[in-house]
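A.B. asks: please find the sequence and the predicted model below.
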Amino acid sequence: MSALWIAHVDVLDAGTYSEYARRATDAIAAHGGVFLARGGRFVQLEGKGRARNVVARFPSLDAAVACYHSPAYQDALTFARDASERELMVVEEVSDDA
């Protein structure tokens, strides 16, 4: 079953964060991830909003979690940690027969 990687981000240092985004893009693609939304327009209807929202689809929850723990993504994260405030989750999509 496919899974969605959902990140809500406030960027504090655009220059450093852009290096994270470049490296993370490669790591996500290497694990079968495809971006569905990446910082576009949004409407916050409930709860605390963040300025940037990202959604990527992975072939499975396990693939998304493996991506997060991969050396390439962990390297990318070194550029995001002090350059952003963020939440990240992975959630399985509903199956066609659900």
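C.D. replies: Thanks, I have it. Numbers count the residues shown, from 1 in each chain.
A.B. asks: flag every buried residue along the lengthiest helix in the chain.
C.D. replies: Of all the elements of type helix in the chain, the one with the most residues (DSSP state H) is helix 14-30. Counting neighbours by 16 or more other C-beta atoms under 10 Å, one finds that the buried residues in helix 14-30 are 16, 17, 20, 21, 23, 24, 27, 28. Heads up, the C-betas are built off the backbone N, CA and C, glycines and all.
A.B. asks: will you turn those residues into JSON lines that also has pLDDT and distance to residue 79?
C.D. replies: What follows is those, written out as JSON lines (pLDDT from 0 to 100; distance: C-beta to C-beta, whole Å):
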{"residue": "16", "pLDDT": "97", "distance to residue 79": "5"}
{"residue": "17", "pLDDT": "97", "distance to residue 79": "7"}
{"residue": "20", "pLDDT": "97", "distance to residue 79": "4"}
{"residue": "21", "pLDDT": "96", "distance to residue 79": "8"}
{"residue": "23", "pLDDT": "97", "distance to residue 79": "7"}
{"residue": "24", "pLDDT": "97", "distance to residue 79": "9"}
{"residue": "27", "pLDDT": "98", "distance to residue 79": "12"}
{"residue": "28", "pLDDT": "98", "distance to residue 79": "14"}
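A.B. asks: between the residues you listed, which sits nearest residue 7?
C.D. replies: If you rank these by distance to residue 7 using C-beta to C-beta, residue 24 comes first, at 9.4 Å.
A.B. asks: roughly how far apart are that closest one and residue 73?
C.D. replies: The spacing between residue 24 and residue 73, counted by C-beta to C-beta, to the nearest Å, is 6 Å.
A.B. asks: just residue 88 next, same as before
C.D. replies: In this structure, residue 88 and residue 73 are 11 Å apart, going by C-beta to C-beta.
A.B. asks: who's more crowded, those two?
C.D. replies: Between residue 88 and residue 73, counted using other C-beta atoms under 10 Å, the more crowded position is residue 73 (21 against 14).
A.B. asks: isn't there a helix covering that one?
C.D. replies: Yes - secondary structure assignment (DSSP: H, G, I helix; E, B strand; the rest coil) places residue 73 inside a helix.
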